[in-house]
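Participant: predicted coordinates and the sequence they were generated for:
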Amino acid sequence: MGLHALLDNVRSVYNVGSIFRSADGAGFDTLYLCGVTPTPNNPKLAKTALGAHNAVHWETCPNAVDLAQRLLANGYHLWALEEGERSEPLLGVSPPPIPTVLVVGSEVTGVDPGLLELCERTLAIPMRGTKRSLNVATAFGVAAVILASRTPASRA
């Protein structure tokens with residue numbers, strides 16, 4: 001058990017397919033697909049994931065908050081990837097404890113506030129331009145590689 005991710009209401013099938021590829025490349029163990037997040041049963045996702053959906057274990061859960069509470073009760077640590085007042089720079093983060101779940105949310109509205117409250121840390125990618133965030137799949141890929149590089153317990 002190492003690194004996992006919880007995707008809550010990530011609507012774009014293409015973003016989810018890309019996240020599968022990044023999760024596989026970084027050695028994540030599980031993707032939890034919550035809310036309206038598409039699953040690999042969608043042929044467009046499978047095409048974008050290029051087979052990574054067969055390499056990374058995935059589960060669906062209709063309610064991300066319920067899942068997060070269950071994961072916390074089982075000793076998982078939840079870290080959100082979200083820009084905001086609580087956010088600390090991703091680049092300065094210490095190695096994540098094992099097991100850690102990286103939480104990402106909707107491309108438009110971000111991580112649900114109820115879910116964010118359950119996360120012990122909130123991480124953000126420092127931005128230098130006029131935009132305050134990256135596309136969710138791009139941001140996940142950056143965070144996944146950084147976190148995996150700092151934890152010897154991951155598959156990476």
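Facilitator: Everything's here; your move. Residues are numbered from 1 along each chain as shown.

Participant: how close does residue 59 sit to residue 31?
Facilitator: 8 Å (Cβ to Cβ, to the nearest Å). Placement of C-beta: from N, CA and C, glycine included.

Participant: identify the residues contacting the worst-scoring helix or strand of the chain on mean pLDDT?
Facilitator: Using mean pLDDT, DSSP states H and E, helix 43-49 stands out as the lowest-scoring helix or strand of the chain, at a mean of 88. Residues from elsewhere that reach helix 43-49 (Cβ atoms under 8 Å, 6 or more residues apart in numbering): 13, 14, 16, 17, 18, 20, 21, 38, 39, 40, 53.

Participant: same question for stretch 103-112.
Facilitator: Contacts of stretch 103-112 (Cβ under 8 Å, 6+ apart): 5-12, 15, 19, 64-65, 68, 78-84, 115-116, 119, 135-136, 139-140.

Participant: for PyMOL, what selects the buried ones among the contacts of helix 43-49?
Facilitator: To isolate in PyMOL the members of those that are buried, counting by 16 or more other Cβ atoms under 10 Å, one can use:
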select buried, resi 13+16+17+18+20+21+38+40+53
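
Participant: narrow the contacts of helix 43-49 to those in helices?
Facilitator: 13, 14, 16, 17, 18, 20, 21 (DSSP state H).

Participant: can you redo these as a markdown table with distance to residue 110 and pLDDT?
Facilitator: Below are the ones in helices among the contacts of helix 43-49 laid out as a markdown table (distance: Cβ to Cβ, whole Å; pLDDT from 0 to 100):
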| residue | distance to residue 110 | pLDDT |
| --- | --- | --- |
| 13 | 19 | 95 |
| 14 | 19 | 96 |
| 16 | 16 | 97 |
| 17 | 20 | 95 |
| 18 | 18 | 95 |
| 20 | 21 | 96 |
| 21 | 22 | 96 |
